[in-house]
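Visitor: my questions are about this predicted structure, shown below with the sequence.
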Amino acid sequence: MTIRLLATGACLAMLLAACGGDTGPAHATPEAASRALQPDDAQLAELYNRSCRSCHTVAATGAPLTGDASAWQPRLDKGMATLVDNVVNGFGGMPPFGLCMDCDAVQFEALVRFMAEEG
């Protein structure tokens, strides 16, 4: 009887943990939180949605997630000129121009600042 109760309790604990509890914004996964972010500027949002969003909202890509300031900080520490150069020339798994062949350096900087939550 005691073993059955322990097993039942363990199963109940696993089920409750799997439910995830509160799913409000404060408890959103980093990926879910990144997917909820959009630039305020409509033109920048269009560029972000077609060029950046597919990688920067999926942790498995290895790209820093949009809105994850701690992941972006070491990159920002290298300087914006280096970041823009990395976007233009490609870096690591990121393809050249970050798949935005019609973006310019000013737009790339604005996109990086948005994803890093700098403004």
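Guide: Structure received. Worth saying up front: this structure is predicted, and the values here are computed from it rather than measured.
Visitor: grab the nearest non-local neighbour of residue 110.
Guide: Excluding the flanking residues, the one nearest residue 110 by Cβ to Cβ, 6 or more residues apart in numbering is residue 44, at 5.6 Å. Quick note: C-beta positions are derived from backbone N, CA and C, even for glycine.
Visitor: please apply the same query to residue 107.
Guide: Of all residues not flanking residue 107 in the chain, residue 47 sits nearest, at 6.1 Å (Cβ to Cβ, 6+ apart).
Visitor: the one you found looks like it's in a helix, true?
Guide: Yes - according to DSSP: H, G, I helix; E, B strand; the rest coil, the state of residue 47 is that of a helix.
Visitor: how far away is it from residue 70?
Guide: Computed as Cβ to Cβ, to the nearest Å, the residue 47 to residue 70 distance reads 24 Å.
Visitor: if you count what's nearby, which of the two comes out ahead?
Guide: Higher neighbour count among residue 47 and residue 70: residue 47, with 22 against 8, using other Cβ atoms under 10 Å.
Visitor: right, and that one touches residue 101 too?
Guide: No - using Cβ atoms under 8 Å, residue 47 makes no contact with residue 101, being 11.1 Å away.
Visitor: which strands and helices sit next to whichever helix or strand residue 109 is part of?
Guide: Secondary structure assignment for residue 109, by DSSP states H and E: helix 105-115. For helix 105-115, the helices and strands in contact under the criterion 3 or more Cβ pairs under 8 Å, 6 or more residues apart in numbering; DSSP states H and E are helix 42-51, helix 80-89.
Visitor: tell me the mean pLDDT for it?
Guide: On average, the pLDDT along helix 105-115 is 97.
Visitor: what inclination does that helix have with respect to helix 80-89?
Guide: Per axes from the mean of the first three to the mean of the last three Cα atoms, to 10 degrees, the angle that helix 105-115 makes with helix 80-89 is 110 degrees.
Visitor: this completes my enquiry, with thanks.
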